[in-house]
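Asks: Okay, here's the prediction I keep looking at, along with the sequence it came from:
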Amino acid sequence: MTKGPVNGPASGPVNGPASGSTIELAPVTPPDRPVLARLLQLYLYDFSAWRPQDITAQGTFGYRYFDAYFTEPSREACLIRVGGALAGFTMTRELPDGEREMSEFFVLRGHRRHGTGRLAALHTLRRHPGRWVLDFDHANHVAARFWPQVAAEATESAGGTVSREDRYPPAVAHAVACLRFSVAPPAD
């Protein structure tokens, strides 16, 4: 399990502004696989508000990359815990050009609007210093406010900038914004 302040090396607690609870990111291990699978169903259900999709005959949403998070070293899934309680997950992957992508990010509703998402996102970004890319749907108004602020905060210490490219159908299936930015390594 990795604990760490969002503005420094990965050691010590990350405190949420509202609760004062410690926020932890723990890489998902094989025994955690069913936990991630269940959380992913909650995420996909929430996400279906912007990208409707059918469920399987077993009553679940499909996610074709799930197994890859346990077989490909370029992918990382982490569970988010607040004060020891499960609060969500992050899923990232390294792209062939060396950029890291925030593939999926989810915070349970009971932990939203308390700073958990912001701190977990910053901690995730700073776990992998370097170039980042993330997309969010225009229709997801919460993400449209959240991610530009988080990306700007993550690049602040490096004096970097965040570039934004908006993409629209028919070039893409859904209107999305793509953010690109760099995160500096922690200061010693």
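Replies: Structure received.
Asks: in stretch 38-45, what's buried?
Replies: Buried residues in stretch 38-45, defined by neighbour count with 16 or more other Cβ atoms under 10 Å: L39, L40, Y43, L44. Glycine gets a C-beta too; all of them are placed from N, C-alpha and C.
Asks: again, but for stretch 89-99
Replies: For stretch 89-99, burial by neighbour count (16+ other Cβ under 10 Å) applies to F89, T90, M91, T92, R93, E94, E99.
Asks: Give me the residues contacting it.
Replies: The contact list for stretch 89-99, computed with Cβ atoms under 8 Å, 6 or more residues apart in numbering, reads 25, 28, 36, 39-40, 43, 69, 72, 74-80, 100-106, 120-121, 124, 128, 130-133, 180.
Asks: Can you list which of the residues you listed are found in helices?
Replies: Cross-referencing these against helices under DSSP state H gives L36, L39, L40, Y43, A120, A121, T124.
Asks: quick check, nearest of the residues you listed to R145?
Replies: For the ones in helices among the contacts of stretch 89-99, the residue nearest R145 by Cβ to Cβ is A121; the value is 12.8 Å.
Asks: Can you report how many residues lie near that closest one?
Replies: By other Cβ atoms under 10 Å, the residues close to A121 number 24.
Asks: next one: A175
Replies: So A175, with other Cβ under 10 Å, has 14 neighbours.
Asks: dump the residue contacts of the closest residue to it other than its chain neighbours.
Replies: Leaving aside its sequence neighbours, A175 sits nearest to H138 (Cβ to Cβ, 6 or more residues apart in numbering; 4.1 Å). Taking Cβ under 8 Å, 6+ apart as the contact definition, H138 lies against A144, D166, H174, A175, V176, A177.
Asks: what's the lowest-pLDDT member of the residues you listed?
Replies: For the contacts of H138, the weakest pLDDT value sits at H174, with 88.
Asks: For it, what is the enclosing helix or strand?
Replies: H174 belongs to no helix or strand when elements are defined using DSSP states H and E.
Asks: Tell me how far the closest residue to it other than its chain neighbours lies from R113.
Replies: The shortest distance from H174 to any non-neighbouring residue, by Cβ to Cβ, 6+ apart, is to D137 (5.5 Å). To R113, D137 is 20 Å away according to Cβ to Cβ, to the nearest Å.
Asks: In terms of packing, which of these two has more residues around it?
Replies: Just comparing D137 and R113: by other Cβ under 10 Å the higher neighbour count belongs to D137, 16 against 11.
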